[in-house]
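**Q** Fold the following.
(one chain, ligands or ions: 2)
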Amino acid sequence: MSGRARHTHPPARFSVLKREGFCFIIAVGIGSTRNLAARSWASTLPAVSKPMKTLLSLTVNGRPRDDAISGNLLLVDYLREGLGLTGTKIGCDGGECGLCTVLVDGAPQHSCLTLAGSCEGKEIETIEGLTEGGRLNAIQRGFHEKLGAQCGYCTPGMVMAAEGLLRRNPDPDEATIRTEMASNICRCTGYVKIIEAVQMAAADLASPSEAA
Ligand code: FES
Ligand code: FES
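**A** Ligands and ions are numbered 1, 2, ... in the order given. Purely as a prediction, here's the structure:
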């Protein structure tokens with residue numbers, strides 16, 4: 001064994017240990033620094049909280065309901081995804097097209113702009129609730145007879161808007177029908193048939209014995 005070996009081996013092991021220890025210390029140090037950095041970075045983020053659930057009590061198509069909902073749930077999503085009432089459609093999702101129209105306490109309302117939570121204690125009516133004893137009601141018959149629907153996508157919103165109109169004003173003239181239903185858009189029919197459908201429904205309601 002050479003003198004070089006005798007004198008260099010222990011220092012070499014020592015230097016390895018020192019190096020490993022140094023690396024360990026560096027690694028621990030980096031880890032701690034990262035943890036501290038992560039903690040301080042995380043502390044700058046807004047707290048992520050789960051949406052609060054509230055109890056909603058209301059009536060949908062004549063049936064009382066109590067449901068736990070999140071505070072930011074829209075009425076259209078509550079109806080379609082929560083209750084499976086997919087007759088209410090979604091188009092613009094921003095109050096422009098009227099496809100999502102339902103009745104809230106008898107008045108047409110865009111369910112895409114309505115928080116479900118704001119309907120506490122109210123009565124909601126959707127297209128699924130309009131049939132009378134399994135038969136089309138007067139407005140649905142009007143749309144059927146007068147060919148007021150083509151693709152049909154706007155029709156549930158149109159029918160609900162017309163239902164709200166005729167409950168408020170059973171004998172509207174054409175100008176009133178056009179004005180009251182102006183926020184319901186149809187991309188197919190050109191509106192003439194829709195107006196005729198509403199007029200036929202008004203006539204049927206005025207003379208129920210002659211209705212189909
Ligand atoms: S989807 Fe509600 S107004 Fe268009
Ligand atoms: S019937 Fe197609 S959008 Fe109105």
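
**Q** For M200, give its distance to G134.
**A** Taking C-beta to C-beta, to the nearest Å as the criterion, M200 is separated from G134 by 21 Å. Where C-beta positions appear, they are placed from N, C-alpha and C, glycine not excepted.

**Q** residues near A201, how many?
**A** A201 is flanked by 27 other residues according to other C-beta atoms under 10 Å.

**Q** helix/strand/coil for it?
**A** Here A201 is helix, with the state taken from DSSP: H, G, I helix; E, B strand; the rest coil.

**Q** On the pLDDT front, check it for me.
**A** Listed pLDDT for A201 reads 98.

**Q** before we move on, which element is the residue nearest the centre of the chain in?
**A** Nearest to the geometric centre of the chain sits D77, at 3.3 Å (C-alpha atoms, centre = their mean). Using DSSP states H and E, the element containing D77 is helix 75-77.

**Q** Quick one: distance of that helix to the chain centre.
**A** 4 Å (C-alpha atoms, centre = their mean, to the nearest Å).

**Q** packing partners for the next helix or strand after that helix?
**A** The helix or strand immediately downstream of helix 75-77 is strand 101-104, counting by DSSP H and E. On a contact count with 3 or more C-beta pairs under 8 Å, 6 or more residues apart in numbering; DSSP states H and E, strand 101-104 meets strand 107-110, strand 123-125, helix 155-168.

**Q** Okay, the residue nearest to the centre of the chain and Y153: tell me how far apart.
**A** 18 Å.

**Q** Go ahead and name everything in contact with stretch 93-100.
**A** Stretch 93-100 has contacts (C-beta atoms under 8 Å, 6 or more residues apart in numbering) with 76, 88-92, 110-113, 153-154, 156-158, 161, 181, 183-185.

**Q** out of the helices and strands packed on strand 101-104, nearest to I69?
**A** Closest approach to I69 among those is made by strand 123-125 (13.1 Å; C-beta to C-beta).

**Q** mind listing what that closest one pairs with, with the direction of each?
**A** strand 53-60 (parallel), strand 101-104 (antiparallel) (DSSP bridges).

**Q** Out of the ones you listed, which one sits most buried?
**A** strand 101-104 (a mean of 26; mean count of other C-beta atoms under 10 Å).

**Q** which residues touch it?
**A** 75, 79, 88, 108-111, 114, 119, 122-126, 156-158, 160-161, 163-164, 184.

**Q** Just the buried subset of the contacts of stretch 93-100, written out for PyMOL, thanks.
**A** This is the PyMOL syntax for the buried subset of the contacts of stretch 93-100, where burial follows 16 or more other C-beta atoms under 10 Å:
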select buried, resi 76+88+89+90+91+110+111+112+153+154+156+157+158+161+181+184+185
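
**Q** Noted, bye for now.
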